[in-house]
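A.B. asks: how does the following fold in three dimensions:
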Amino acid sequence: MKKAETKESKSSAVKSSLILTSPRITEKSTTLAETNKYTFNVAVSTNKNEIKKEVKKLYGVKPLDVNIIAIAPKSVFVRGRHGVKKAGKKAVITVKKGDSLPLA
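C.D. replies: Next up, the predicted model:
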């Protein structure tokens, strides 16, 4: 039983570290951060509840709201070749006024 428990806890720890892949630093996200909304790139398979739990675990701040936006794949033409930028998912996390998430 102990082996099964440790294996399960390790897999959940690995999964939780992959939920929020990186903060999304753009001009728009910087403007949103002034209104207590923070933007992150997230794994494609995650949902709002998993993101809320991960933010609370990593930053110790309870999110008020989580909005998820799907990023569509885009066609690109570079150096005479056609290609595709991969699709993804981003999350906009709203926190209570006075709370903040240290991104840098």
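A.B. asks: what about the helices in this structure?
C.D. replies: 2-17, 27-33, 48-59 (DSSP state H).
A.B. asks: pretty sure Leu101 contacts Val92?
C.D. replies: No. Leu101 is beyond contact range of Val92, at 12.0 Å (criterion: C-beta atoms under 8 Å). Placement of C-beta: from N, CA and C, glycine included.
A.B. asks: which residues are common contacts for the two?
C.D. replies: Common neighbours of Leu101 and Val92, using C-beta atoms under 8 Å, 6 or more residues apart in numbering, are Tyr38.
A.B. asks: show me where pLDDT drops low in the chain?
C.D. replies: The chain contains residues with pLDDT under 70 at 1-17, 104.
A.B. asks: if we use 50, what do you get?
C.D. replies: Applying pLDDT under 50 to the chain flags the ranges 5-16.
A.B. asks: quick one: residues contacting the nearest residue to Tyr59 once chain neighbours are set aside.
C.D. replies: Leaving aside its sequence neighbours, Tyr59 sits nearest to Leu101 (C-beta to C-beta, 6 or more residues apart in numbering; 5.1 Å). By C-beta under 8 Å, 6+ apart, the contact set of Leu101 is 38, 55, 59, 61, 93, 95.
A.B. asks: 10 Å instead, please
C.D. replies: 23, 33, 36, 38, 40, 55, 58-61, 63, 93, 95 (C-beta atoms under 10 Å, 6 or more residues apart in numbering).
A.B. asks: one more: Ala87?
C.D. replies: 44, 70-74.
A.B. asks: do Val44 as well
C.D. replies: 21, 70-71, 86-89.
A.B. asks: go again using 7 Å as the cut-off
C.D. replies: Neighbour list for Val44: 88-89 [criterion: C-beta atoms under 7 Å, 6 or more residues apart in numbering].
A.B. asks: and the gap between it and Ala33?
C.D. replies: 24 Å (C-beta to C-beta, to the nearest Å).
A.B. asks: same deal with Ile19?
C.D. replies: 20 Å.
A.B. asks: more neighbours: these two, which one.
C.D. replies: Higher neighbour count among Ile19 and Ala33: Ile19, with 20 against 16, using other C-beta atoms under 10 Å.
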